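1. Here's a sequence, model it:
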Amino acid sequence: MSARRLPNLDMTRRWGGDVPIAERVLHSLGAHPSFAEALLGDLAEERARRSKEVGSVSAELWYIREALRAVPHLLLNALRHGGAPGRARAMVALMAVAAVPALATLALLRDPPPARLVVDGQGGGEEGIVLNSRHPIQLAMRALDEEGRTLPRAQVNYQWVGGMELPVTSSGIVTCTGRGDAEVRASVGAVQTTLLIRCRPVKALYTDSWLQLVAGESVQRLGLWAIGPDSSAVTLLAGDIHVGDTAIAALSGRGIRPRAPGHTVIITRIGDAETITGVSVYELVPSFEGLRTDQRFVIAPVRVARGETIRWPLPSGQFWLVYRRASETEPIPRLSVQGPVMCMPDFAPNVDFVDCLVRGAGASITITHPGSTSSAIAGRLALGRQEDR
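-> I've put the predicted structure just below:
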């Protein structure tokens, strides 16, 4: 297969007569004749040699590259030897050469016209954009072209158009001064969309203070209550929930999934309020018998019949004990500790959580039916060891 020959780009092609085109151009700009002839002659000779050795296509490409590299030197020579007219023509040529990359860069940087606007972040559909803060908030919109690509340099303009009066700047900073709904128009050129802004300021936020979960069991919903500046409940909420250690527990929809034994925290931020929830995830064990030192968070099932007592050994160290009833109506059994152990506060009918310190072997806990009911009592006893200091 023969190589395809490129179109002839010979800069020494003649326009009648014996003077090459390239020399005519350089002479018109004012370049010294001997300089132009010597430079172009050397290029032509080298191209002829390369054409024989590496082929005409490679030789032509080399010639074009070297000719372009020589352009600045030729124009500078024209500035020195062309007189006032030549210098003027050379300056025009230099400006034209410099304008080419600048115009190409501008063409590449120019964004195509936007086709649509979308909300960047929480949805802006029928439910609108929920804002729970009374501080200024920056709305975030993205302009997209017809192929769905983001146009980062598009400037979105905003304007309040209806509903509750809402302070909004042209750059999209809004401030919810009270409870209500407002409409804001976002536009880029001829493309525009209307946003529903739902102001629901939150003054105080409340969540469960402590979740006690069992590894591998089902997701538990996180209790969440918000109060507005007028002390009424706020049910439209948009914020952030962060789990400190996702190896222990993870978000699953609007609930928490227990993953592995341990203790972590959940930080909930909505509007200007923030709460912290402790999360303990326990390993399910049959009893406290034979616990290993690496089993720091365990929970064991408890079932005692009337007149029955369960006795389990306690490990050394500092830990908490908490009894979890099977239901709110179940009574709490009588709990007591024996041996080299101190717990605060003391167990009582209305106390189901204590901190304990065991200083030696032989400590234990007994679980006894209270005798207030004839039926058996069912629940769980959890143990969480404190970090060694």
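
2. Which residues outside the helix or strand where Ile365 lies are in contact with it?
-> Element membership of Ile365, judged by DSSP states H and E, is strand 364-368. With contacts defined as CB atoms under 8 Å, 6 or more residues apart in numbering, strand 364-368 is touched by 288, 302, 304, 308-314, 321, 333-339, 381. From N, CA and C alone the C-beta is placed, and that goes for glycine too.

3. can you check stretch 264-274 too?
-> 131-135, 201-205, 207, 211, 222, 224, 226, 237-245, 248-249, 256, 275-279, 281.

4. that older thread, buried stuff in the strand holding Ile365?
-> Ile365, Ile367, Thr368 (16 or more other CB atoms under 10 Å).

5. Also stretch 248-262?
-> Here stretch 248-262 shows Ile248, Ala249, Ile256, Arg257, Pro258, Arg259, Pro261, Gly262 as buried, counting by 16+ other CB under 10 Å.

6. List the residues that contact the fifth one.
-> Which is Pro258. Pro258 is in contact with Leu213, Val214, Ala215, Gly216, Glu217, Gln220, Ile248, Ala249, Val281, counting by CB under 8 Å, 6+ apart.

7. Nearest spatial neighbour of it, chain-adjacent residues omitted?
-> Leu213 (3.7 Å; CB to CB, 6 or more residues apart in numbering).

8. rewinding a little: which of the contacts of strand 364-368 count as buried?
-> 288, 302, 304, 310, 312-314, 321, 333-335, 337, 381.

9. which one of the residues you listed sits closest to Ala361?
-> Pro313 (8.6 Å; CB to CB).

10. out of everything not next to it in sequence, what's closest to the closest one?
-> Using CB to CB, 6+ apart, the closest residue to Pro313 is Ser364 (5.1 Å).

11. for this protein, what's the longest strand?
-> strand 273-284 (DSSP state E).

12. That strand: partners in the sheet, and parallel or antiparallel?
-> strand 210-214 (parallel), strand 262-270 (antiparallel), strand 297-304 (parallel) (DSSP bridges).

13. so can I have a markdown table of these showing distance to Arg359 and mean pLDDT?
-> Formatted as a markdown table, those follow (distance: least, CB to CB, whole Å; pLDDT from 0 to 100):
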| stretch | distance to Arg359 | mean pLDDT |
| --- | --- | --- |
| strand 210-214 | 26 | 96 |
| strand 262-270 | 23 | 96 |
| strand 297-304 | 20 | 97 |
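
14. how about these, which one is nearest Phe353?
-> Closest of those to Phe353 is strand 210-214, at 9.2 Å (criterion: CB to CB).

15. Relative to the whole chain's centre, how far out is that closest one?
-> Chain-centre distance of strand 210-214: 28 Å, with CA atoms, centre = their mean, to the nearest Å.

16. packing partners for the next helix-or-strand element following it?
-> Once the chain leaves strand 210-214, the next helix or strand it forms, by DSSP H and E, is strand 220-221. Counting contacts by 3 or more CB pairs under 8 Å, 6 or more residues apart in numbering; DSSP states H and E, strand 220-221 packs against strand 255-258.

17. so what strands line up beside the strand it packs on?
-> strand 220-221 (antiparallel), strand 249-252 (antiparallel).

18. Val57: which of those is closest?
-> Among the strands paired with strand 255-258, strand 249-252 comes nearest to Val57, with 61.9 Å by CB to CB.

19. So what's the gap between that closest one and the chain middle?
-> 17 Å.

20. same check, this time on stretch 155-175
-> 26 Å.

21. Also stretch 329-347?
-> On CA atoms, centre = their mean, the centre of stretch 329-347 falls 47 Å from that of its chain.

22. Likewise for stretch 370-378?
-> Worked out by CA atoms, centre = their mean, stretch 370-378 lies 53 Å from the chain centre.

23. what does the average pLDDT come to for that stretch?
-> Averaging pLDDT along stretch 370-378 yields 88.

24. all helices in the stretch 101-250 of the chain, in order from the N-terminus.
-> Taking DSSP state H, counting those that start in this stretch, the stretch 101-250 of the chain contains no helices at all.

25. circling back to that earlier point, can you check which of the strands paired with strand 273-284 gets nearest to Pro112?
-> Nearest to Pro112, of all those, is strand 262-270, at 37.9 Å by CB to CB.
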